[in-house]
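> Sharing a sequence plus its predicted fold:
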Amino acid sequence: MLIIDVHGLVPNTAEVTYVGRGGKHGWTNSALGNPFVGNDALVKYSAWLFAKIKERDEDILAALRSLTPTSVLGCWCCTANDNREPKKRRCHAEIVAAAWRYCQTRGLLNEIIESDLEAVREPATAVEEHLVNGGRA
C-alpha cells in the first residue's frame, strides 16, 4: 500500500482511498479516520482501531475489506513533496495498512474466529511500542 498526502488532489478521487476525517476541503469522512489529536494520537488510534476490530465493528471491517495490496491511502497528516512519492511523516494510515495486513493474514476480514480475537491486542501493542520509540525497531 502506498500512503500519500491529499493536499491539492480533487476530493474523493477514485484512485485514492481517503482514510481521514471528513469535511476538510470536500473529502468524505472515512470510518478509518483518526478521531484523536495531539502527541499521543497515533498510540491512541492504534489501540482504538484494534479494539474496533476486536469488537467486530462493521464500519471498520467494511472499510478494511475495501482495501487491496495496491490501495493508495490518502490523508492530510502525512506530508510529501509530490503526491506520487511515499509519505514523509508518520501517519495513522500506517496503522491502517498494518491492521489490514494483520487481518488479511488471519482471515479476519472474511470471518472473525473467536480464538483470533484475543490476538488482536498483540499488534496494537507492537505498533504502540514502535511509535513510542520514534519508529525504531
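Structure received. Every value quoted in this text rests on a predicted model; they were computed, and no experiment measured them. Numbering: from 1, shown residues only.

> for the protein, what spans make up the helices?
Listed in chain order, the helices of the chain (DSSP state H) span residues 41-54, 58-65, 92-106, 114-117, 121-132.

> Comparing the ones you listed, which yields the minimum mean pLDDT?
When the helices of the chain are compared by mean pLDDT, helix 114-117 comes last with a mean of 50.

> Distance from the chain centre to stretch 58-77, please.
Between the centre of stretch 58-77 and the centre of its chain there are 7 Å (Cα atoms, centre = their mean, to the nearest Å).

> Residues in contact with that stretch: which ones?
1-7, 9, 15-20, 24, 30-32, 34, 49, 52-53, 89, 91-93, 96-97, 99-100, 103, 108-109 (Cβ atoms under 8 Å, 6 or more residues apart in numbering). Every residue, glycine included, has its C-beta placed from N, CA and C.

> Buried among the residues you listed? Make that a PyMOL selection.
Only the buried entries of the contacts of stretch 58-77 go into this PyMOL selection, using 16 or more other Cβ atoms under 10 Å:
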select buried, resi 1+2+3+4+5+6+9+16+17+18+19+20+30+31+32+34+49+52+53+91+92+93+96+97+99+100+103+108+109
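
> gap between H92 and Y18?
For H92, the distance to Y18 (Cβ to Cβ, to the nearest Å) stands at 12 Å.

> Over to F36?
When distance is defined by Cβ to Cβ, F36 is 18 Å away from Y18.

> Same question for I53.
I53 is 20 Å from Y18, where distance means Cβ to Cβ.

> do the same with L73
8 Å.

> Might one say that G26 is in contact with N12?
Yes - between G26 and N12 there is a contact under Cβ atoms under 8 Å: 7.1 Å.

> In terms of neighbours, single out the busier of those two.
The neighbour count for G26 versus N12, taken as other Cβ atoms under 10 Å, is higher for N12 (13 against 9).
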